[in-house]
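[1] show me how the following folds:
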Amino acid sequence: MADLLAADMQGADLEMTNLEKVKLQRVNLRKANLKTARLFEADLSSAELQDAVFQSAFYNEKTRFPEDFDPVSAGMYLIAPKVSLQGANLVGALLFEVDLSEADLTGVNLTEAHLEKANLQGATLKGASFKGAELLQTNLSGADLTGADLSFASLKEAIIVDTKFQDACYNRRTEFPQGFDPVSAGMRWIDIDID
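    Have a look, this model is predicted:
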């Protein structure tokens, strides 16, 4: 666990930074850019956050904020089982090993997101974009990916028991677990390739 107690990080560019479990008490984060940062279990309880940008940053129920700070108003996303993130823009998100079981992720943009070993069991992922996403060893058991875009996505070793793929699209760059047949799963081939 990193320790940045009382550090001066005013105006720092921490976009897409993994700050999981980092101690940020009394840290000066005024005007810092924390867009899409991963703040799971981070301690910002006494940090200076005036004019810091947290748009699309991620936190969980163990993340600590100052008493007067509202992560939802700051544009942050709570990552936890059964949450609703319908239509959220999570492009390139660092969501490896998260638990989003039974979450509603309808229409979410997860293009090039990192979802390795994530738990999406029973999640609603209808119409979600997983273009170029990493879903290695991701648990998709019982998930609904109806109409999702899986072009260029890697689902190597993903757990896909009772997963709905009806009308989800894929291309020749989509990687599936060994023995998985996208045609019999009701998926649609799309002929797009970018070399």
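[2] how about residue 167, nearest residue that isn't a chain neighbour?
    What sits nearest to residue 167 in space, not counting adjacent residues and going by CB to CB, 6 or more residues apart in numbering, is residue 147, at 4.8 Å. Every C-beta, even on glycine, is put in place using the N, C-alpha and C of the backbone.
[3] and that neighbour, what does it touch?
    Shown in contact with residue 147 (CB atoms under 8 Å, 6 or more residues apart in numbering): 126, 127, 166, 167, 168.
[4] again with residue 105
    Contact analysis of residue 105 by CB under 8 Å, 6+ apart lists 85, 86, 88, 120, 123, 124, 125, 128.
[5] buried residues in stretch 51-64?
    By neighbour count with 16 or more other CB atoms under 10 Å, stretch 51-64 contains the buried residues 52, 53, 54, 56, 57, 58, 59, 60, 63, 64.
[6] no, scratch that, I was asking about stretch 96-110
    Here stretch 96-110 shows 96, 98-110 as buried, counting by 16+ other CB under 10 Å.
[7] what does stretch 186-195 give?
    residue 187.
[8] so for that stretch, mean pLDDT?
    Mean pLDDT, stretch 186-195: 80.
[9] quick one on the thing from earlier: tell me the SS of the residue nearest to residue 167?
    Following DSSP: H, G, I helix; E, B strand; the rest coil, we place residue 147 in the coil state.
[10] per-residue pLDDT of it, please?
    Per-residue confidence (pLDDT) for residue 147: 98.
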